[in-house]
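>>> 3D, please:
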Amino acid sequence: MTTEVKVPVVAAKGGSFLIEDRTPDEIFTPEDFSEEQVMIGQTADDFMVKELVPRLPELLKLDYELSRGLLRKAGELGLLGVEVPEEYGGLGLDKVSGCLVAEKAGRDGSFATTFAVQVGIGTLPIVFFGTGAQKRKYLPKLASGEWVSSYSLSEASSASDAMNAKARAVLSADGKSWILNGEKMWLSNAGFADIYITFAKVDGEHFTAFIVEKGMPGVSLGAEEKKTGIKGSSTRPLILTDAVIPRENLLGEIGKDHKIAFNILNVGRFKLGAMVTGGAKLTVGVAAGYGNSRTAFGQPITSFGLVKHKIGQMAILTYVSESMVYRTAGMIDRNLADVGIDDSETALRRIEEFDVECSMLKVWCSEMCDYVVDENLQIFGGAGFVEDYPAERYWRDARVNRIYEGTSEINRLLVPGRLIRRALKGELPIFQKATALLDELTSGPSLETLEEGFLAAEARMLAGAKKVALICLGTAVQKRGEALKDEQEVLGHFADIAMATYALESALLRTRKRAAARGEDATRLQEAAVRCYAQDAMDEIEASARKLLAAVEEGDTLRALLAALKRFTKREVCNTVALRRLVADAAIEKVGYPLG
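Numbers count the residues shown, from 1 in each chain. Purely as a prediction, here's the structure:
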């Protein structure tokens, strides 16, 4: 099975959103889904509703066989093989389709974790780096759900520094096997997995991946971790004690498998964005439904302004998240459009092109989800704090999203780090743009032609946001040079500016594209969402920029930069209370996410 791939006109470079302007027609949006993409998304949704939801009480008791059974049923529908090539039993679909399936899996945090590991970090290393024999042996079984996979990277002593792994591999005396020793932590699916994608250092030095099978000599598991959330997913340590792994089970190349560890995480990051977006959509409906049924002072609490504010903001942030996710997936698909099915190395490089966007999605979307589930619990009140209602489970399950696929702190540092690296390599003219902008400041403001039309004020805010980002990054690099890598607070402030800018642009372009296709009157709710978010984004950008600039500059120069900041963040005030209520009322009436 193949799917029609609708892709944006322009194959934009990763990170170029800061220095280039896109038009609505140049990005992919959920309104562009093909019939085939809608079909695979509907298949996934039907599976979750009919197969998963009725079994949730059992799943949450950590029933290994139920988890395996659900994966097998998902495999029968093709949901586990969306990104596995057809010749190995998969569907060979695009990244947008993969995101749609991931979004539907976000209905429950426990199963979403199980599912994500199986289709992502547990399978894709073999898709991209496996030998022909490895692909033939493992991929059909993983795509069908006959076998379950796990991913074994973290260690107790390495924290977020994966390259500091202590697990060790040496070749046996007869040269037929690898002997592995070490303990790997936090393996999702570990309790019922058949294989473990495992990383160790050959001869204690060369970071390398192996396909470890359950039952191989010296392979055992520690006890189940007692987790705060995602209680229906298995999390156990993998213990390797003189484990004997066949020589042919080495995955990739000795000493070069950081490429597997880091590049596969890029895929996991934008897929995580899709999953938490799906969970947020569900939560908007749950909050509206419970709020409609709960009364205070003789009326449903959804009639109260502060509750409307919560529901409206939940829906707005979900809309922005959805816009970012599918814009990014569309860019990746466009970049993969001319890559041959067997050219895995090129495919991974093309995905890595958008590592900045993938890191931003991981951070922004997971923090968006935290806000949504937290306010949902607040709407439930006391009932939200007990296990009889779903609100506390959503709240607990969401917390891990800021930890796995690389912590939010690590990903915040990766955003400016990778942009600076590309600028230094001449791939993105960020510093040239920043220098030109700083020179412009000394000559005073120039006359600008003001854009008019639909969401014109928000487009001007976006233009200002990009200028703020360039000034902040340019100033920080100019003042700190190589030492900037140690200024994590400064780098984190820039990441927040960049994320808010990308989020605003994604939602703005999507909404303009929708208005062009369906009319402005049919896009009023989405327009309200963008107008609200634009105000919030500019507030965040201005606050982060003030902190960043004050950390790297002082005196008259700082005052001049703050004056420029004030100019670039100048904006028209709008009645966000009324706009947010408009979105909230639509969600309350629909008892669901109203902006799709």
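
>>> which SS class is Val212?
strand (DSSP: H, G, I helix; E, B strand; the rest coil).

>>> Surely it touches Ala243?
Yes: taking Cβ atoms under 8 Å as the definition, Val212 is a contact partner of Ala243 at 6.9 Å. Where you see a C-beta, it was placed from the backbone N, CA and C, and this is true even at glycine.

>>> overlap in contacts of these two?
Leu180, Val219 (Cβ atoms under 8 Å, 6 or more residues apart in numbering).

>>> And those two? Which one has more around it.
Using other Cβ atoms under 10 Å, the more surrounded residue of Val212 and Ala243 is Val212, with 27 against 24.

>>> Tell me the bridge partners for that one.
Tyr196 (DSSP bridges).

>>> Now do the contacts for it.
Taking Cβ under 8 Å, 6+ apart, one finds Ser152, Leu180, Ile195, Tyr196, Ile197, Thr198, Val219, Leu238, Leu240, Ala243, Ile245, Asn249 in contact with Val212.

>>> what do you get if the cut-off is 6 Å, keeping everything else the same?
Tyr196, Thr198, Val219, Ile245 (Cβ atoms under 6 Å, 6 or more residues apart in numbering).

>>> neighbour-wise, which of these leads?
Once you tally neighbours by other Cβ under 10 Å, Thr198 ends up highest among those, having 27 neighbours.

>>> Identify all contacting residues around the helix or strand harbouring that residue.
Taking DSSP states H and E as the definition, one finds Thr198 inside strand 195-202. Here strand 195-202 makes contact (Cβ under 6 Å, 6+ apart) with 125, 149-153, 165, 167-169, 180, 207-213, 238, 254.

>>> In strands only, show me those.
149-152, 168-169, 180, 207-213, 238 (DSSP state E).

>>> Return the member of the residues you listed nearest to Ala564.
Nearest to Ala564 among the ones in strands among the contacts of strand 195-202: Phe207, at 44.6 Å, using Cβ to Cβ.

>>> now that closest one, which residues is it bridged with?
Applying DSSP bridges, one finds that Phe207 bridges with Lys201.

>>> what number of residues lie near it?
If we define neighbours as other Cβ under 10 Å, then Phe207 has 22 of them.

>>> Surely it is in contact with Ile260?
No: checked against Cβ atoms under 6 Å, the pair Phe207 and Ile260 is beyond contact range at 9.3 Å.

>>> With only the CA atoms kept, save stretch 170-182 in PDB.
The C-alpha trace of stretch 170-182 is given here as PDB (Å, rounded to 0.1, in the frame of the first residue of the first chain):
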ATOM      1  CA  VAL A 170      34.300  -7.400  23.300                       C
ATOM      2  CA  LEU A 171      34.700 -10.000  20.600                       C
ATOM      3  CA  SER A 172      34.800 -13.600  21.800                       C
ATOM      4  CA  ALA A 173      38.000 -15.600  21.400                       C
ATOM      5  CA  ASP A 174      36.600 -17.600  18.500                       C
ATOM      6  CA  GLY A 175      35.400 -14.400  16.800                       C
ATOM      7  CA  LYS A 176      31.800 -15.700  16.500                       C
ATOM      8  CA  SER A 177      30.100 -13.600  19.200                       C
ATOM      9  CA  TRP A 178      30.100 -10.300  21.000                       C
ATOM     10  CA  ILE A 179      30.300 -10.500  24.800                       C
ATOM     11  CA  LEU A 180      28.400  -7.700  26.400                       C
ATOM     12  CA  ASN A 181      28.400  -6.500  30.000                       C
ATOM     13  CA  GLY A 182      26.500  -3.700  31.600                       C
END
